[in-house]
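> following is a predicted model, sequence given first.
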Amino acid sequence: MARYHRVNIDGQSLYKAETRKTAAALYPGTLAVINGSNLFAQATGVVGRLYVIDCAYHEGLGITDQIPAGHSAIGNYLEEGREFAVRVAAGTYTKDQPITVIAGQAVAVPATAGTYQIIGYSQDAVTTTAVDFIRIRARASSVVVA
């Protein structure tokens, strides 16, 4: 059971979103890009314009329902100051923890050495035992070296 019922927490989806078909099946809360075929595709990292895939309410789907390949999806612009519920792997998340993107999923910046681009900060302090959602506040991408 998801802790959130909607992806777009800030309510700005009416004018800060794009609608495209999906290149492959995508879950709400996944980070995506528009590929060369003008389709939403799962983002592989922090590159170009990023979107947070919204629930496909127009198809009767909720936050835990996958949007099938080739179906219409709404992608919210990932812009500084906006808040979203994003899909994350099981783990412990703390308030103000930096978040990056790995394989289309929001993740806490790893403690391992490396350079990571931050897309936002966790607004929740929670431990999840399965894939779930955390609320993030987006920021302009910045780089952190661990």
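Perfect, I can see it now. Numbers count the residues shown, from 1 in each chain.
> please export the C-alpha coordinates of whatever helix or strand Ala32 lives in as CSV.
Secondary-structure element containing Ala32, defined by DSSP states H and E: strand 31-34. Extracted as CSV, the C-alpha positions of strand 31-34 are listed here (Å, rounded to 0.1, in the frame of the first residue of the first chain):
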residue,chain,number,x,y,z
LEU,A,31,11.5,9.9,-13.5
ALA,A,32,11.4,10.0,-17.3
VAL,A,33,12.6,11.9,-20.4
ILE,A,34,11.1,12.4,-23.8
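> average pLDDT across that strand?
The predicted model gives strand 31-34 an average pLDDT of 95.
> stretch 41-59 now?
The average pLDDT for stretch 41-59 rounds to 90.
> report the distance from it to the chain centre.
Centroid separation between stretch 41-59 and its chain, computed with Cα atoms, centre = their mean, to the nearest Å, is 6 Å.
> endpoint to endpoint, it covers what distance?
Stretch 41-59 stretches 19 Å from its first residue to its last (Cα to Cα, to the nearest Å).
> ok, Pro28 - contacts?
7, 53-56, 61-65, 67, 87 (Cβ atoms under 8 Å, 6 or more residues apart in numbering). Yep, even glycine has a C-beta here, placed from its N, CA and C like the rest.
> filter these down to the buried ones.
The neighbour-count test (16 or more other Cβ atoms under 10 Å) marks 7, 53-56, 61, 63-64, 67, 87 as buried among these.
> so what's the nearest residue to Val47 once chain neighbours are set aside bridging to?
Nearest in space to Val47, with sequence neighbours left out and distances taken as Cβ to Cβ, 6 or more residues apart in numbering, is Val33 at 7.1 Å. The bridge-partner assignment for Val33, based on DSSP bridges, gives Ala41.
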